[in-house]
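S.K.: Sequence first, then the predicted structure, then my questions.
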Amino acid sequence: MPLYHTDPNKILFLDIETVRAADEFQQLDERWQKLWTNKTRFQRKEEESAEDFYLKRAAILAEFGKIVCISCGFFAIQEGKRVFRVKSFSGDNEKDLLWDFAEMLRKHFDQSYVLCAHNGKEFDFPYLSRRMVVNGITLPELLNTSGLKPWEIRHLDTMEMWKFGDYKHYSSVSLLAALFDIPTPKDDIDGSMVGEVYWKEKNLKRIVEYCQKDTVTVARIFLKMENQAPLKDEEIIIND
């Protein structure tokens, strides 16, 4: 029996990749350096400087980071067969990629759809919403949770599904992929390397490919947990 009774054809699976807003702490003006230092004063170890902590953690805070890639995927029927279409929005201009993603949601994914990500409720969905607000972009309905009751929010989270009510439990995408014998998305880089790949290597294509693999893996984890037919490599279509 499936856990959530959600039609996979009505789910938009997604993953985002984020980086620190500036390459180096010294590139922030004095005001933002002070804001960062104050924001993280209780998170840093006693011997850890605000500058070192910025390099490690700024990307995960929406106030000090930015989105460089959103990859999303959905199931469709093509020539009588199931396919999984993957599309990415990426670039150095965060506002442009967020605008394009928001427009896609508005035009093609109404309230009959559900968004799904791994740890999405704690990270992807709020991060997307915050950065859209910062960039002056009206939230699409699927991201706008204002005034909604918890059961009205159209968000699924594969990590929450795996918790089974255990609020303190955390399992990574890589761990669940290994557990379910799913190909790992971390065969090139992992999340801790994204900032360096972006700022030092300036290799956005590598980040996009990693983000797409994560999206596919989230879909595969969902199917496994719902006891549905696994997603085959030949069913995946990457749209440029």
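M.R.: Noted; the coordinates are in hand. Numbers count the residues shown, from 1 in each chain.

S.K.: Stretch 22-32: end-to-end distance?
M.R.: Distance across stretch 22-32, first residue to last, is 11 Å (CA to CA, to the nearest Å).

S.K.: Please disregard the earlier target; I meant stretch 195-212.
M.R.: 17 Å.

S.K.: Identify each buried residue in it, please.
M.R.: G195, V197, Y198, L204, R206, I207, V208, E209, Y210, C211, Q212 (16 or more other CB atoms under 10 Å). Bear in mind the C-beta positions are built from the backbone N, C-alpha and C, glycine included.

S.K.: Past the longest strand along the chain, which element shows up next along the chain?
M.R.: When the chain is parsed with DSSP state E, its longest strand is strand 65-78. Beyond strand 65-78 in the direction of the C-terminus, DSSP states H and E gives the next helix or strand as strand 81-90.

S.K.: What strands line up against that next one, and which way round?
M.R.: Strand 81-90 has the following sheet partners, assigned by DSSP bridges: strand 65-78 (antiparallel), strand 236-239 (parallel).

S.K.: Y54: which of the buried residues of stretch 195-212 is nearest?
M.R.: Proximity of the buried residues of stretch 195-212 to Y54 (CB to CB) peaks at G195, which lies at 10.4 Å.

S.K.: OK, contacts around the closest one?
M.R.: G195 makes contact with V19, R20, L55, A59, according to CB atoms under 8 Å, 6 or more residues apart in numbering.

S.K.: I figured the third one hits A22, correct?
M.R.: Read it as L55. No - taking contacts as CB atoms under 8 Å, L55 lies outside contact range of A22: 10.4 Å.

S.K.: ok so, going back, can you name the two of the contacts of G195 that are farthest apart?
M.R.: Farthest apart among these - using CB to CB - are V19 and L55, which lie 10.8 Å from each other.

S.K.: could you say what helices and strands the longest helix along the chain packs with?
M.R.: Assignment by DSSP state H gives helix 204-225 as the longest helix of the chain. Secondary-structure packing of helix 204-225 (3 or more CB pairs under 8 Å, 6 or more residues apart in numbering; DSSP states H and E): strand 11-20, strand 65-78, strand 81-90, strand 114-117, helix 158-163, helix 173-179.

S.K.: start to end distance for stretch 110-129?
M.R.: 17 Å.

S.K.: And that stretch, what's buried?
M.R.: So stretch 110-129, judged by 16+ other CB under 10 Å, has buried residues 113-121, 123-125, 127-129.
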